[in-house]
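Trainee: Next one to model:
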Amino acid sequence: MTDFAGVGVIGAGAFGTALAISVARGGVPVTLYARDAGLVFRMRAEGENAARLPGMVFPDGLHVTSDPTNLPEGPVLLAVPMQKLRGALEGLPDFGDRPLVACCKGIELTTGLGPAEVIAARRPAAPVALLTGPSFAHDIARGLPTALTLACADDTRGAALQQGLSTPNIRLYRSTDVIGAEVGGALKNVMAIACGAAIGAGLGESARAALMTRGYAEMVRLALARGARAETLAGLSGFGDLALTCTSTLSRNYRYGVSIGENALFDPDITVEGAATARAVQVLARSMNLDMPITDAVVGLIDGTLKVAEALALLLSRPLKEE
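Mentor: Residues are numbered from 1 along each chain as shown. The predicted model follows:
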């Protein structure tokens with residue numbers, strides 16, 4: 001394992017907290033940053049993040065702070081929602097040449113950029129990587145086995161991060177295809193909304209399988225158009241994450257889709273990255289003249305311009321073609 005002086009984690013949501021717990025259990029000192037000083041006080045007093053991961057006691061070596069200048073001289077993991085990433089970076093100090101690792105998934109609405117691209121645009125001097133793949137925060141925090149993709153264009157830097165951030169329960173697979181990893185992590189949330197809507201509307205498991213398969217084709221289509229490699233989408237950051245997110249009620253995007261299919265209310269305080277990503281991808285795809293019918297249908301469902309039955313009818317009425 002590469003020896004880091006420590007690891008900083010920005011964002012004390014469920015996923016950021018889970019990563020901090022896992023890395024600290026692996027023997028690397030971790031400092032978890034939360035902007036809310038009151039939350040930091042409670043976490044210090046209780047020894048856990050009771051609001052996001054109740055019962056997951058902080059291991060020795062995990063510290064919390066509301067001062068971002070207190071982060072150790074090592075990699076900084078940015079575990080904030082995609083649409084808030086740019087704003088978070090603007091409020092953080094300059095971390096110099098410390099690697100910045102994006103730990104969120106999606107496409108920025110205003111620019112069409114993925115998380116690693118946003119970081120690179122805001123911090124051009126910093127080495128940038130992306131941590132993504134099929135994972136739920138509670139599994140990671142409980143020490144359950146999880147495999148993720150660590151994507152970094154600089155393979156030497158990526159290898160160091162792979163060694164230093166791997167833990168007893170998190171196995172990291174390295175890739176240099178950052179764009180492919182970004183697209184996979186973003187689009188799987190859109191497809192999870194579609195699959196949830198199908199199940200919520202009672203369309204059955206076969207419909208979900210069809211949506212996952214054709215949704216995967218859309219993921220590959222966009223990734224290739226942006227210069228990524230098809231094999232990246234066949235890995236953890238694409239197919240793996242798609243399989244998990246489209247089939248589990250632990251997925252917020254899937255549950256949101258189910259609520260659409262059932263015509264039920266969904267908690268507005270729950271972040272659904274796939275909703276903003278669907279809109280961003282639709283704009284991006286149209287600018288590149290790409291056919292993304294499931295993404296288009298999801299945008300219609302989110303905006304309320306389509307019912308599930310209408311979306312299905314549109315998809316089924318498309319011209320027949322070879323697979």
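
Trainee: burial of R226, as a residue count?
Mentor: Using other CB atoms under 10 Å, R226 has 16 neighbouring residues. (Each C-beta comes from the backbone N, C-alpha and C, glycine too.)

Trainee: I'd like the distance between it and A116.
Mentor: Noted for R226: a distance of 13 Å to A116, by CB to CB, to the nearest Å.

Trainee: G38 now?
Mentor: Taken as CB to CB, the span from G38 to A116 is 31 Å.

Trainee: Neighbour count: these two, which is higher?
Mentor: A116 (25 against 9).

Trainee: Show the pLDDT at the more buried one.
Mentor: pLDDT for A116: 98.

Trainee: List the contacts of A79.
Mentor: Applying CB atoms under 8 Å, 6 or more residues apart in numbering to A79 gives the contacts V9, I10, G11, G13, F15, G16, L19, C103, C104.

Trainee: now with 10 Å?
Mentor: Residues near A79 by CB atoms under 10 Å, 6 or more residues apart in numbering: 9-20, 32-33, 85, 88, 101-104, 131, 137.

Trainee: Show me those residues that map onto helices.
Mentor: By the criterion of DSSP state H, membership of the contacts of A79 in helices covers A14, F15, G16, T17, A18, L19, A20, L85, A88, A137.

Trainee: okay, these in TSV with neighbour count and distance to L312 next?
Mentor: Shown next, in TSV, are the ones in helices among the contacts of A79 (neighbours: other CB atoms under 10 Å; distance: CB to CB, whole Å):
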residue	neighbour count	distance to L312
A14	19	33
F15	26	32
G16	24	37
T17	28	39
A18	26	36
L19	28	38
A20	30	42
L85	25	34
A88	19	38
A137	21	32
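
Trainee: For stretch 53-60, buried residues please.
Mentor: By 16 or more other CB atoms under 10 Å, the buried positions in stretch 53-60 come out as L53, M56, F58, P59.

Trainee: the helices in the stretch 201-323 of the chain, which residues?
Mentor: 205-225, 230-233, 241-245, 252-261, 273-287, 293-303, 308-316 (DSSP state H, counting those that start in this stretch).

Trainee: Alpha carbons of the longest one, in CSV - could you do that?
Mentor: So the one you mean is helix 205-225. The C-alpha trace of helix 205-225 is given here as CSV (Å, rounded to 0.1, in the frame of the first residue of the first chain):
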residue,chain,number,x,y,z
GLU,A,205,-39.3,-7.8,-15.2
SER,A,206,-39.1,-8.4,-18.9
ALA,A,207,-39.6,-4.8,-19.6
ARG,A,208,-36.9,-3.9,-17.1
ALA,A,209,-34.5,-6.3,-18.8
ALA,A,210,-35.2,-4.7,-22.1
LEU,A,211,-34.7,-1.2,-20.7
MET,A,212,-31.4,-2.1,-19.1
THR,A,213,-30.1,-3.7,-22.3
ARG,A,214,-31.2,-0.9,-24.6
GLY,A,215,-30.1,1.7,-22.0
TYR,A,216,-26.7,0.1,-22.0
ALA,A,217,-26.6,0.6,-25.7
GLU,A,218,-27.3,4.3,-25.2
MET,A,219,-24.5,4.5,-22.6
VAL,A,220,-22.0,3.0,-25.0
ARG,A,221,-23.3,5.3,-27.9
LEU,A,222,-22.6,8.5,-25.9
ALA,A,223,-19.3,7.2,-24.5
LEU,A,224,-17.9,6.3,-27.9
ALA,A,225,-19.0,9.7,-29.4
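
Trainee: Pull out the buried positions in it.
Mentor: Residues 207-208, 210-212, 214-216, 218-224 are the ones in helix 205-225 that count as buried (16+ other CB under 10 Å).

Trainee: circling back to that earlier point, which among the buried residues of stretch 53-60 gets closest to E46?
Mentor: Distance to E46, by CB to CB, is smallest for F58 among the buried residues of stretch 53-60, at 8.9 Å.

Trainee: Contacts only, for R279.
Mentor: I107, L109, V190, T295, V298, V299, I302, D303.

Trainee: do I302 as well
Mentor: Counting by CB under 10 Å, 6+ apart, I302 has contacts V190, I193, A197, Y256, G257, I260, V272, G274, A275, A276, A278, R279.
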